[in-house]
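Enquirer: next one to model:
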Amino acid sequence: MKTDVEELSPTRVKLTIEVPFEELKPSLDKAYREVSKQVRIPGFRPGHVPPRIIDQRLGRGAVLEQAINDAVPQLYGKALEDSEIRALGQPDLEITKLDDGQQLAFTAEVDVRPKFDLPDLSTLPVTVENAEVGPDEVEEYLSDLRERFASLKGVDRPAAEDDFVSIDLSASVGGKLVDDAQASGISYQVGSGTLLDGLDETLIGMSAGDSTTFTAELAGGDHAGEQADVSVTVHSVKVKELPELDDEFAQSASEYDTLGEFRAGTRGRLEGVKRLAQVGQARDRALDAVLSRLDIPLPDRLVESEVEGRQRSLDEQLERSGTTREAYLEARGISEPDLQAEINADARRSVKASFVLDELASTGDLRVEQEELNGYIVEQAYRLGVQPDRLAKEIVDRGQLGMAMAEVLRGKALRLLTEQVPVTDEAGRPVDVKAAMATGEDGDEGEDGDEGEDGAGDAAGADEDTGA
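Expert: The predicted structure is shown next:
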């Protein structure tokens with residue numbers, strides 16, 4: 001077999017492949033066997049019809065077509081391997097010559113991975129936020145925790161701002177009760193402004209057992225936008241009581257015995273969360289630093305496919321949330337052209353990032369271990385709310401195992417990148433990203449963090465290559 005390679009562009013090549021006919025013999029024999037099983041010719045059992053009889057009765061053309069369809073994908077794959085071409089996607093194939101008994105020739109045009117050299121990672125400094133936790137942050141955390149442990153206590157006085165009241169509401173329009181505007185036993189915080197306009201002003205000064213009426217515009221239902229007479233009855237007035245910030249609170253809210261130990265432990269926990277946040281920042285900023293140093297030509301088809309995927313994903317999200325595209329654009333304050341430009345830019349970055357991470361994986365000789373693939377499937381199954389076994393079967397049945405492995409490999413490459421660039425915080429102090437990642441994996445700190453090492457999906461979501 002002879003293969004000539006013509007570079008059509010930095011991201012696309014044309015292979016011209018010439019094959020002596022004797023190399024097609026295995027595929028021809030296979031085709032004759034298949035046809036022999038399918039035809040019914042008097043005097044011959046199915047599967048035992050000689051090739052010459054098939055040629056006489058059916059013609060050799062049908063057999064040749066089946067043999068070529070079987071042989072060309074294998075020949076194409078061998079041509080890629082012999083030429084050391086890293087193909088992307090499916091090729092455009094064309095049979096250019098078929099000389100029965102002599103030669104088969106065909107061409108294959110396919111996108112290829114662009115060639116580029118990675119920069120020296122040690123020359124790409126990355127700065128992340130400080131991980132220090134100040135006293136005010138500790139007190140803010142403890143204050144929020146006290147709010148969670150707060151209780152409501154009834155008081156014998158008129159309601160004031162921030163009090164909690166239990167109330168009944170009844171709205172009527174034109175003297176007729178509005179069916180969908182009747183409620184009883186509502187717990188409401190005075191001043192929150194979450195129900196009806198005018199309710200907060202009405203409640204201030206009312207005591208348990210008081211009733212009154214005010215006018216308000218209904219926000220929903222059949223009478224939305226209409227003015228209604230709303231009667232309100234107060235059943236109780238309560239105030240929020242926060243627990244004292246003392247040793248007793250520390251014992252009830254944590255594993256510590258004293259408030260001092262609780263404060264120290266809280267500081268350590270918050271610092272752990274910030275250290276994990278540093279890992280996420282280092283990961284994203286390291287990848288940005290590499291991408292900014294490289295001008296990589298991108299295959300148009302791959303970018304178009306990524307754009308289409310992102311468009312589909314957005315449409316599906318909007319449909320699930322019951323939101324229209326117009327409402328989404330209005331909420332973000334952008335136009336349709338702005339959205340398209342954003343999607344295109346994100347798609348190009350994703351494809352570019354996938355090339356960078358794949359190159360890092362190759363130069364770093366990274367491999368995917370079975371336990372890593374299993375962990376990835378378990379994580380994805382958890383996010384999707386399905387059983388890992390079921391997801392694993394679907395991945396295999398849909399032929400997506402290669403894509404899953406590529407995601408794991410890119411995650412490892414992203415981790416390698418993060419470990420190799422010099423990272424400092426805003427104060428100029430070196431940050432040991434590797435140690436922070438190891439701590440996060442051990443689960444010792446950062447229960448509020450979500451900085452998994454395999455977070456390359458958004459950064460590099462390009463389609464998996466199908467060649468080489």
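Enquirer: quick one, helices of the stretch 151-300 of the chain?
Expert: Ranges of helices within the stretch 151-300 of the chain are 199-203, 247-253, 259-293, 300-321, based on DSSP state H, counting those that start in this stretch.
Enquirer: what's the closest of those helices to residue 110?
Expert: Residue 110 lies closest to helix 300-321 among the helices of the stretch 151-300 of the chain, at 9.7 Å (CB to CB). C-betas here are computed from N, CA, C, even on glycine.
Enquirer: which is the succeeding secondary structure element to that closest one?
Expert: helix 325-332 (DSSP states H and E).
Enquirer: which strands or helices does whatever helix or strand comes next after that next one pack on?
Expert: The helix or strand immediately downstream of helix 325-332 is helix 336-363, counting by DSSP H and E. On a contact count with 3 or more CB pairs under 8 Å, 6 or more residues apart in numbering; DSSP states H and E, helix 336-363 meets helix 259-293, helix 300-321, helix 325-332, helix 401-420.
Enquirer: got the ones you listed as TSV, with distance to residue 223 and mean pLDDT columns?
Expert: Below are the helices and strands packed on helix 336-363 laid out as TSV (distance: least, CB to CB, whole Å; pLDDT from 0 to 100):
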stretch	distance to residue 223	mean pLDDT
helix 259-293	48	95
helix 300-321	27	93
helix 325-332	24	93
helix 401-420	52	93
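Enquirer: return the most buried member of those helices.
Expert: Ranked by mean neighbour count under mean count of other CB atoms under 10 Å, those are led by helix 401-420, which reaches a mean of 21.
Enquirer: per the record, what domains does the protein have?
Expert: What automatic domain parsing lists as the domains of the chain is 2-112, 151-241, 253-302+337-442.
Enquirer: do you know which of those lies nearest residue 138?
Expert: Comparing the domains of the chain by CB to CB, domain 253-302+337-442 comes nearest, at 5.2 Å.
Enquirer: quick one: buried residues of stretch 14-27?
Expert: For stretch 14-27, a neighbour-count test (16 or more other CB atoms under 10 Å) marks 14, 15, 17, 19, 24, 27 as buried.
Enquirer: same deal with stretch 112-128?
Expert: Those would be 112, 113, 114, 121, 124, 126, 128, for stretch 112-128 by 16+ other CB under 10 Å.
Enquirer: show me those residues that map onto helices.
Expert: Members of the buried residues of stretch 112-128 lying in helices (criterion: DSSP state H): none.
Enquirer: adding pLDDT and distance to residue 210, write those out as a markdown table.
Expert: Formatted as a markdown table, these follow (pLDDT from 0 to 100; distance: CB to CB, whole Å):
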| residue | pLDDT | distance to residue 210 |
| --- | --- | --- |
| 112 | 93 | 79 |
| 113 | 92 | 76 |
| 114 | 92 | 76 |
| 121 | 94 | 71 |
| 124 | 94 | 68 |
| 126 | 95 | 62 |
| 128 | 96 | 57 |
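Enquirer: hang on, the earlier thing: redo the helices of the stretch 151-300 of the chain as TSV? Include distance to residue 399.
Expert: Shown next, in TSV, are those (distance: least, CB to CB, whole Å):
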stretch	distance to residue 399
helix 199-203	59
helix 247-253	51
helix 259-293	28
helix 300-321	16
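Enquirer: among the ones you listed, which is nearest residue 330?
Expert: That would be helix 300-321 among the helices of the stretch 151-300 of the chain, by CB to CB, at 12.5 Å.
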